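Enquirer: model this:
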Amino acid sequence: MNATVTQLAAAPLFSPAFVQDPYPTYREHLAGPPVQPLLAMPGRWAAFHYNACSELGRDPRLSSARRVPNFFPVAAEDRLEFDDLFQHLGRWLLMKDAPEHSRLRKAMNAGFSPSAIERLKPRIAGVVDELLRDLELVAEPDLIRDLAYPLPVRVISRLLGVPDLVHARCIALSTDFATWFGDPTRTAAAARTAQTAVRQLAALFEVIIRERTGRNEGDLLDLMLEIASQAELAPEDLYAQCVLLLFAGHETTRNLIGNGLYTLLRHPDALAEVRTSDSAVRAAIEEVLRYESPVQAYGRAATQDIDYEDVRIPAGSSVFFMIAAAQRDPRHVPDPDRFDIHRKHNRHLAFGVDAHVCLGSTLARLEGQIAIGEMIKRFPALTLVDPRPEWSPVYAFRGLRRLRVRL
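Expert: So this is what the prediction gives:
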């Protein structure tokens, strides 16, 4: 029998209880207006309804190139301390608007085209096979530590030329950054840690790129070097894109794999079907992206006053797109709290919308399909040890701290 949804009390937005189980709070806000002011965070608004997230996500008056006050409400006199952090973020493709975004995105697309990703399939399958063979030696493995974490780390690190010996250090630094980036409250202490992390990661890629010069490995880093040459990117811009690809290439994919395995283990009927059908694996990945989205929200900044429904979003405001709420909007999704791998027209927003749709979405899907598909086929007696594991405290990136199972 499939797991049922327990109607729990709603916790305040962004509170620890909310981060552990945001869905009662989402239901409460979905009963309200499409766009709502965040009373505890002046100057910030949140879009909860599906149509609001979809439509405003395409509105050119909402900018990805957020100014410091939109992103981090630090006092003006203290901004100089964090100049390196915001200079670095401003170089990210993720933080650019057209036409600069369009030009750089078009060049980077080649590294993530369907044909380029398909060529990675044997490499990904080989890493998964190696990790699953190691699992056979453990009675009760942690699937976050032993599968969901190392797989995307190895894949993206090798594509970017990161030496095996520094994988762990890179991911620790990336996690330091994610802890700040994914928290809407963004404290100064976490910002200091994040700034140190991006400085060290940029310095690492400076060394990797200097040592790569003259050698062609045919990987993503070579493409980035070619783009940098053709587009006349400054070295700092090149390092920043590499840091972005490292960060984005493992953080959300890890959570997709972990969230997917956890959700399927709680829904045995779907699990049984996925175990015997590749098409069901692909459908399950899409439903996991909707039902337990690895990315819960993202932000934009209003460059002009925007009237939406009965609300005016003033110029200069920050807007959070609460996509995990939107994906459970009953106006768009029938019976939204039910996990159903047979949903038709599953138009989730987990990878964003329009020009800013996730560059690595095809790679993330492929890694998720191979890891989840092979895991449940190889271990047919797989069961959860802890039916209610703890979720990470980083709100925007929803993932489990650990996922212990019996094989």
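Enquirer: check what pLDDT the residue nearest the centre of the chain gets.
Expert: The residue lying closest to the centre of the chain (CA atoms, centre = their mean) is T252, at 3.5 Å. pLDDT, T252: 92.
Enquirer: what's the next secondary structure element after the helix or strand where it lies?
Expert: Using DSSP states H and E, T252 sits within helix 235-265. Sequence-wise, the next helix or strand downstream of helix 235-265 (DSSP H and E) is helix 268-275.
Enquirer: so what does that following helix touch, helix or strand wise?
Expert: Packing partners of helix 268-275 (3 or more CB pairs under 8 Å, 6 or more residues apart in numbering; DSSP states H and E): helix 235-265, helix 278-291, helix 361-378. C-betas here are computed from N, CA, C, even on glycine.
Enquirer: among the ones you listed, which is the most enclosed?
Expert: helix 235-265 (a mean of 24; mean count of other CB atoms under 10 Å).
Enquirer: flag the shaky bits of the protein, pLDDT-wise.
Expert: Applying pLDDT under 70 to the chain flags the ranges 1-9, 67-74, 76, 214.
Enquirer: related to what we said a few turns ago, who's in contact with the residue nearest to the residue nearest to the centre of the chain when sequence neighbours are not counted?
Expert: Residue nearest to T252 in three dimensions, not counting chain neighbours: P294, with 4.3 Å by CB to CB, 6 or more residues apart in numbering. By CB atoms under 8 Å, 6 or more residues apart in numbering, the contact set of P294 is T252, T253, N255, L256, N259, A350, F397, R398, G399.
Enquirer: nearest to L407, of the residues you listed?
Expert: L407 lies nearest to N259 out of the contacts of P294, by CB to CB, at 19.8 Å.
Enquirer: how many neighbouring residues does the nearest residue to that closest one once chain neighbours are set aside have?
Expert: The shortest distance from N259 to any non-neighbouring residue, by CB to CB, 6+ apart, is to E292 (4.3 Å). Under the neighbour criterion other CB atoms under 10 Å, E292 is assigned a count of 25.
Enquirer: the one 5 residues further on too?
Expert: When neighbours are defined as other CB under 10 Å, A297 has 23 of them.
Enquirer: residues contacting it?
Expert: Here A297 is in contact with A46, P184, F320, F321, M322, I323, A324, Y395, A396 (CB under 8 Å, 6+ apart).
Enquirer: in stretch 324-334, what's buried?
Expert: A324, A325, A326, Q327, R328, D329, H332, V333 (16 or more other CB atoms under 10 Å).
Enquirer: those: which two are farthest apart?
Expert: Spatially, the most separated pair among the buried residues of stretch 324-334 is A324 and H332, at 13.1 Å (CB to CB).
Enquirer: the residue nearest to the centre of the chain reaches S293, doesn't it?
Expert: No. In this structure T252 lies outside contact range of S293 using CB atoms under 8 Å: 9.2 Å.
Enquirer: now the closest residue to A110 other than its chain neighbours: how far from A107?
Expert: Counting by CB to CB, 6+ apart, L223 is the residue found nearest to A110 once chain neighbours are left out, at 6.2 Å. Separation of L223 from A107 (CB to CB, to the nearest Å) stands at 9 Å.
Enquirer: let me have the buried residues of stretch 324-334 in JSON lines, adding secondary structure and distance to V128 as columns.
Expert: Formatted as JSON lines, the buried residues of stretch 324-334 follow (DSSP: H, G, I helix; E, B strand; the rest coil; distance: CB to CB, whole Å):
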{"residue": "A324", "secondary structure": "helix", "distance to V128": "27"}
{"residue": "A325", "secondary structure": "helix", "distance to V128": "32"}
{"residue": "A326", "secondary structure": "helix", "distance to V128": "32"}
{"residue": "Q327", "secondary structure": "coil", "distance to V128": "27"}
{"residue": "R328", "secondary structure": "coil", "distance to V128": "30"}
{"residue": "D329", "secondary structure": "coil", "distance to V128": "34"}
{"residue": "H332", "secondary structure": "coil", "distance to V128": "34"}
{"residue": "V333", "secondary structure": "coil", "distance to V128": "31"}
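Enquirer: which residues touch V128?
Expert: With CB under 8 Å, 6+ apart, V128 has these contacts: L147, L151, I370, A371, E374, M375.
Enquirer: give the next helix or strand downstream of the helix or strand harbouring it.
Expert: Assigned by DSSP H and E, V128 belongs to helix 121-135. Per DSSP H and E, the first helix or strand lying C-terminal to helix 121-135 is helix 143.
Enquirer: what helices or strands is that following helix leaning on?
Expert: Secondary elements touching helix 143 (3+ CB pairs under 8 Å, 6+ apart): helix 235-265.
Enquirer: rerun at 10 Å
Expert: Packing partners of helix 143 (3 or more CB pairs under 10 Å, 6 or more residues apart in numbering; DSSP states H and E): helix 235-265, helix 361-378.
Enquirer: I208 is nearest to which of the ones you listed?
Expert: That would be helix 235-265 among the helices and strands packed on helix 143, by CB to CB, at 8.0 Å.
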